[in-house]
Structures are given as C-alpha cells and as structure tokens.
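[1] please work out how this folds:
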Amino acid sequence: MRAPGFRNSFLLISMLMVSLIAAAPAGARGEGPHPLKVAIVGLEHGHVEGFLSQLPKHTDVQLIGIADANTELWQKYGKKYSLPDALFYKSEASMIERTKPQAVLVYTSIGEHRHAIEIAAQYGVSVMVEKPLTISLEDALAIRRVAREHKIQVLVNYETTWYPSNRAAYEEASEGRIGEIRRVVVHDGHQGPKEIGVPPEFLNWLTDPKQNGAGALYDFGCYGVDLMTWLMHGETPQTVTAVVNHDKPQLYPKVDDDSTIILQYPHAQAVIMGSWNWPFGRKDMEVYGATGYAITVAADQIRIRHEHDSEERMTTAPELPARERDSLAYLSAVLRGEIVPKGDLTALDTNVIVMQILDAARESARTGRTVKLSKLGSSLLRF
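    This next block holds a predicted model:
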C-alpha cells in the first residue's frame, strides 16, 4: 500500500496536467478550431448562390443569420437551400445584435455596400463584399475611414482571385522571369446578364447606374483594374482613358454594355476590356514583360515564353495554398490572423485604388477626355 503522501502528489500532478491541457490552444489539444460564424447581408446579388452552394464543403464556417427586408427572397433561398426560418432577419443591425457574427458577407447591390459596411463597423464586425468595393471613390474613402476607426477588416471577393493561373502569371512578373512589365491585356465578360438569365432581383440593380455604378465598365472592368493594381504593387497609374459602347440599348438603356479602359504608367500600359457582348464567357489575362510573357488560359492553365525560348509552353499552374483557394478559406485565415490582407487582390488598400481608377474611367467615358491621376488624397486632374 502506497503512503498518503504519494497519493496526494499523484493527484496534484494529475490536476496540473488537466489544467495545462485545458489551457492549451485547440490545435495543440488535437481539436479543430471553432467554426467561423458568418452572416449574410442582402440576397439581391446572384453570387450569394455561390456562397450557399460552397457552404456545405466548409465545416470551418457556420452561417448564423441572413438579413434582407424582402421576405419573398427569404422564401426563395430558404426553400432552395433548406434554410430554417430562424436564420432570417429584416435588418442588418438587429441580426448582428441577436446573432453576433464574426463577419458579414454582403450580397446587396454595389450601391448599398458602404451602408452595410458602416452598420457592421458600428458593431466591430468585419466584412467581405462582392466586387467591386463600391460605386465611387468618395464611398471608398469613407469605407477606409470607418474600417480604420473601428479596426475591422473589409475585403473584396473577385472570382479571379482564386484562379491559380493568375497567381502563376503574377509570380512570373514579380520574380523577374519575364522582365519588367510593359503591357497587360485583360478580357472579362459574358454574353450579357439578361442573355445568361441572371435572377430578376440581380438584373434590376445590375442595370441601374445608381446601384451598380455603371454597366459592363464596373461589372467586368473591375476585374482587370484589380489585377493590374496587384501586378503593379499598388502603383497609381498616371492616366486613365475609357470608352464605352451601348450596343444593346433595347436591353440595357441606362448603362453601357461594352467597355475599354487604358491605364498608362511610366513604363507600362494596361488595356482592360469588360463586356456584356462577348460571344462566350471569358476571364483571361496577358502579361507581357521586357523579356517574356505569361498568358492565362481559364482558371488553371497558363502559356509562358521566356527570353531565348524557341517556343511557348502550356502548363498547369500550381494549386493555391489551402487557405487561399476560395473566399471563405481566405476570410477564415484573415480573421484568425494567418493572413494579413495588404496589397493583394482582396485587400482594402488595393481596392481603394481600384475605385479611384474606376471612378476616373467612368468620368473619362462620360466626358470623352483622359483623366490624370495622382496619389490618393489629391484631387483628380482632367485634361
């Protein structure tokens, strides 16, 4: 029989071990992290279906609320995705107060982004919106102020952010394999929102300049502007020139349906074509350097030719890291402190510059004149 002192020491050591295990981080105990609690604001944006269809694959994300004043949309999406009635709220503020999400995903019209972000910021809740960030530079600067004041993340989701081919092209340029960037050409678009059958609640605001900012110029021009700002490491172009067409006024009487934006830098130029008039959907980019080029082909293929190569080669781009393969994985990593969003395609600093360029492009298309830019904080100059 052991002495009482031995038993007391054993119990003390056991209790200490239990306390240390309980205090250890979840990962150290062999447990997964708690799911990230997110809520949806708005059901008017057709991309909300992409989120809802992705959600079952993300056990690290939990949907805890949906705010939209339109109860018909509650019924539509509730039925389609088997969502319980208890998830739905009529206002963003009441939903946040009741559910306390860690982040909100905004699927309103673009014109409502600022308002949704300002409400979330009052509660210290981070936000991810669908591209583009907002409809004007004025709104973008206001969003940046409120994000800094309340210390929240504001992120912008572009489908092309999660394309391995775009990352591969970026690395070809940033690592000097194709030399200094000289020209970038970006094509983005499809046959048109009405032609491809977007939902009516989406089409209504997409074709309203007050809610979308413009037509194809904003809807698809934003992709190329975002990519070029990333490739140029946040450099502001010297000038912005844009032209738009109204090839289908019977379908889109209030907004453009085809656009071209030219960005001029000291030693580089970008030509960005966003259209609702392509015969087929496309999202691809050509990056030409001083000594080679990289041309993306869909999401994961890339054509590359370097100096002294006798011909180009087609290759499959390396897969992105797990936490950067889609918007939900990225959002989770940012809010857990695993990624610092600065200077990348999704980051707020990048997207404020994107809005400076888009705002200037809209003005150039309106006036028929080139817009000269300077670093943010200075006024736009026109000539």
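
[2] only C-alpha atoms from now on, for both contacts and neighbour counts.
    Will do.

[3] my read: residue 252 touches residue 207, true?
    Yes. Residue 252 is within contact range of residue 207, at 6.5 Å (criterion: C-alpha atoms under 8 Å).

[4] of the two, which one has the most company?
    residue 207 (24 against 19; other C-alpha atoms under 10 Å).

[5] contacting residues for that one?
    Listed by C-alpha atoms under 8 Å, 6 or more residues apart in numbering, the contact set of residue 207 reads 214-215, 252, 254-255.

[6] and it, what pLDDT?
    If you check residue 207, the pLDDT there is 98.

[7] now do it against residue 243, distance only.
    Residue 207 sits 18 Å away from residue 243, going by C-alpha to C-alpha, to the nearest Å.

[8] same check, this time on residue 343
    28 Å.

[9] more neighbours, these two?
    residue 243 (22 against 17).

[10] quick check: which element contains that one?
    strand 239-245 (DSSP states H and E).

[11] now find how far off-centre that strand is within its chain.
    23 Å (C-alpha atoms, centre = their mean, to the nearest Å).

[12] which SSE is immediately downstream of it?
    Downstream of strand 239-245 (by DSSP H and E), the next one is strand 258-264.

[13] parallel or antiparallel, list what pairs with the helix or strand following that next one.
    As assigned by DSSP H and E, the chain's next helix or strand after strand 258-264 is strand 269-275. Pairing partners of strand 269-275, with direction, according to DSSP bridges: strand 181-189 (parallel), strand 258-264 (antiparallel).

[14] export these to CSV and tack on distance to residue 322 and mean neighbour count?
    As requested, the strands paired with strand 269-275 are exported to CSV (distance: least, C-alpha to C-alpha, whole Å; neighbours: other C-alpha atoms under 10 Å):
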stretch, distance to residue 322, mean neighbour count
strand 181-189, 26, 22
strand 258-264, 33, 23
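
[15] for residue 65, find the nearest of the ones you listed.
    strand 181-189 (31.9 Å; C-alpha to C-alpha).

[16] export the closest one to CSV, keeping only CA atoms.
    Output in CSV follows, covering the C-alpha atoms of strand 181-189 (Å, rounded to 0.1, in the frame of the first residue of the first chain):
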residue,chain,number,x,y,z
ILE,A,181,6.0,44.6,-67.1
ARG,A,182,5.4,46.5,-70.3
ARG,A,183,1.8,45.7,-71.3
VAL,A,184,-1.1,43.9,-69.7
VAL,A,185,-4.3,43.0,-71.6
VAL,A,186,-7.3,41.7,-69.7
HIS,A,187,-10.6,40.2,-71.1
ASP,A,188,-13.6,39.7,-68.8
GLY,A,189,-17.2,39.3,-69.6
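
[17] any idea of the mean pLDDT in it?
    Rounded mean pLDDT across strand 181-189 is 98.

[18] can you pull out the helices in the stretch 251-383 of the chain?
    With DSSP state H, counting those that start in this stretch as the criterion, the stretch 251-383 of the chain has helices at 327-335, 348-367.

[19] could these be laid out in CSV, adding mean pLDDT, mean neighbour count and distance to residue 261?
    Shown next, in CSV, are those (pLDDT from 0 to 100; neighbours: other C-alpha atoms under 10 Å; distance: least, C-alpha to C-alpha, whole Å):
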stretch, mean pLDDT, mean neighbour count, distance to residue 261
helix 327-335, 95, 20, 27
helix 348-367, 98, 23, 7
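
[20] what's the closest of those to residue 310?
    Closest among those, using C-alpha to C-alpha: helix 348-367, at 36.7 Å.

[21] quick check: angle from that closest one to strand 239-245?
    60 degrees (axes from the mean of the first three to the mean of the last three C-alpha atoms, to 10 degrees).

[22] from the contact counts, what lies against helix 348-367?
    If you count contacts as 3 or more C-alpha pairs under 8 Å, 6 or more residues apart in numbering; DSSP states H and E, helix 348-367 packs onto helix 137-150, strand 154-157, helix 216-219, helix 221-231, strand 239-245, strand 371-372.

[23] single out the most deeply packed of the ones you listed.
    Mean neighbour count (mean count of other C-alpha atoms under 10 Å) peaks for helix 216-219 among the helices and strands packed on helix 348-367, with a mean of 28.

[24] need the CA coordinates for it. CSV is fine.
    Extracted C-alpha coordinates of helix 216-219, given in CSV (Å, rounded to 0.1, in the frame of the first residue of the first chain):
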residue,chain,number,x,y,z
ALA,A,216,-20.1,46.4,-68.0
LEU,A,217,-17.5,49.1,-67.2
TYR,A,218,-17.9,48.4,-63.5
ASP,A,219,-19.2,44.9,-63.6
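
[25] in the stretch 1-150 of the chain, mark out all the helices, start to finish.
    Using DSSP H, counting those that start in this stretch, helices in the stretch 1-150 of the chain cover 4-23, 48-54, 71-80, 92-99, 113-122, 137-150.
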